[in-house]
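**Student:** next one to model:
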Amino acid sequence: MSTYAIGDIQGCLGAFNSLLERIAFDPDRDRLLLAGDLVSRGEDSLGTLRRIYALRHAVTCVLGNHDLHLLALAAGAANVRPKERDLAEILAAPDRDLLLDWLRQQPLAVALPDFNALLVHAGVPPLWSAADTLARAAEVQAVLRSEQASDFFHAMYGNTPAAWSDDLNGMTRLRVITNYLTRMRFVAMDGAMDLSTKGEADTAPPGFMPWFQHPGRRATDVRILFGHWAALEGRVSESQLEALDTGCVWGGRLTALRLDDNHRFHCDCSPRR
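**Tutor:** Numbering: from 1, shown residues only. Here you go, the predicted structure:
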């Protein structure tokens, strides 16, 4: 039995299938950990979601910002844009309810005690401990699985407040938690996010830094597996961190990290859009 953590697939079904073949993945024996952004921009988001659903008994995944956007589209909280034809295909599929109901059940953070690790999409806010991260992710998860899910999706979009406060409540609190766990890259000393800058780690705006370089980062006692940041190309120098998004949808590679021995497997990808 082997456990593989895979970065952002983003609908690149061909690359995903090739990577599974490369690692000789056996769903009756092995386990997949998916770091979110399962869909959007690749050549076959619907096929990718169906493939993952078929493997669901061997899959643990977290939601990424693109996955949440798909769910928000399904809830009528946003309109499908012309460039989102792949998401429109999911929404029009005969099995959409089956796939989307499964997707909505997925968490924003997962503890992996066998590896002393956390699986998240964007990262762990530097001022949060691992326990904080799991507890706050669970707040969002509970609402996603409830009758309030539609209300959440209508309130989800937006960049404010930019920083965490224990005094936050309601949908505002859930939006900030969601932004930290699915959209964060750069933060200030007080933990405030810059959600507009998407470049490499050394392109931080004045007063900001990559979340994992914050000097007060608390969750240093666990390994953090994360995706979201393709510009890192899978490289971070900080120990206990594993960047898994290697830009498949942009013509980079799709990466699988075998947690049992830390070996990385790659599949080259063709650029989409």
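**Student:** going forward, measure contacts and count neighbours with C-alpha atoms only.
**Tutor:** Will do.
**Student:** local confidence estimate at Arg272?
**Tutor:** pLDDT recorded at Arg272 is 60.
**Student:** please apply the same query to Asp268.
**Tutor:** 89.
**Student:** mind listing what the residue lying closest to Asp190 once chain neighbours are set aside touches?
**Tutor:** In space, and not counting its chain neighbours, Asp190 is closest to Ala163: 7.4 Å by C-alpha to C-alpha, 6 or more residues apart in numbering. Counting by C-alpha atoms under 8 Å, 6 or more residues apart in numbering, Ala163 touches Val176, Asp190, Gly191, Ala192, Met193.
**Student:** in CSV, list the C-alpha atoms belonging to the helix or strand of the chain at the bottom of the mean pLDDT ranking.
**Tutor:** In the chain, the helix or strand scored least confidently by mean pLDDT, DSSP states H and E is strand 263-268, which has a mean of 94. This file holds the C-alpha atoms of strand 263-268, laid out as CSV (Å, rounded to 0.1, in the frame of the first residue of the first chain):
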residue,chain,number,x,y,z
HIS,A,263,9.6,10.2,-3.9
ARG,A,264,8.1,12.5,-6.5
PHE,A,265,6.6,11.3,-9.7
HIS,A,266,5.8,13.6,-12.6
CYS,A,267,3.8,13.7,-15.8
ASP,A,268,4.4,16.4,-18.4
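**Student:** please state the offset of that strand from the chain centre?
**Tutor:** 19 Å (C-alpha atoms, centre = their mean, to the nearest Å).
**Student:** tell me the buried residues within the contacts of Ala163.
**Tutor:** Val176, Gly191, Ala192, Met193 (16 or more other C-alpha atoms under 10 Å).
**Student:** how about these in TSV, adding pLDDT, distance to Leu20 and secondary structure?
**Tutor:** TSV is the format used below for the buried ones among the contacts of Ala163 (pLDDT from 0 to 100; distance: C-alpha to C-alpha, whole Å; DSSP: H, G, I helix; E, B strand; the rest coil):
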residue	pLDDT	distance to Leu20	secondary structure
Val176	98	34	helix
Gly191	96	37	coil
Ala192	98	38	coil
Met193	98	35	strand
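**Student:** between those, which sits nearest Glu84?
**Tutor:** Val176 (25.1 Å; C-alpha to C-alpha).
**Student:** what's the distance between the closest one and Glu89?
**Tutor:** Distance from Val176 to Glu89, counting by C-alpha to C-alpha, to the nearest Å: 30 Å.
**Student:** cool, and Ala201?
**Tutor:** In terms of C-alpha to C-alpha, Ala201 sits 34 Å off from Glu89.
**Student:** okay, the two: which has more neighbours?
**Tutor:** Ala201 (18 against 15; other C-alpha atoms under 10 Å).
**Student:** what is the burial count for Trp250?
**Tutor:** By other C-alpha under 10 Å, neighbour count at Trp250 equals 15.
**Student:** my guess is it meets Glu233, correct?
**Tutor:** No - in this structure, Trp250 is not within contact of Glu233 by C-alpha atoms under 8 Å, at 11.0 Å.
**Student:** quick one: contacts of stretch 175-187?
**Tutor:** 63-65, 108-109, 120-125, 136-137, 140, 155-164, 193-195, 197-198, 204, 208-211, 214, 228-229.
**Student:** where in the stretch 51-200 of the chain is pLDDT low?
**Tutor:** In the prediction, the stretch 51-200 of the chain carries no residues with pLDDT under 70.
**Student:** quick one, helices of it?
**Tutor:** 65-74, 85-92, 96-104, 130-144, 149-156, 170-182 (DSSP state H, counting those that start in this stretch).
**Student:** which helices and strands does the longest one pack with?
**Tutor:** Read that as helix 130-144. Helix 130-144 is packed against strand 109-112, helix 149-156, helix 170-182, with contacts defined by 3 or more C-alpha pairs under 8 Å, 6 or more residues apart in numbering; DSSP states H and E.
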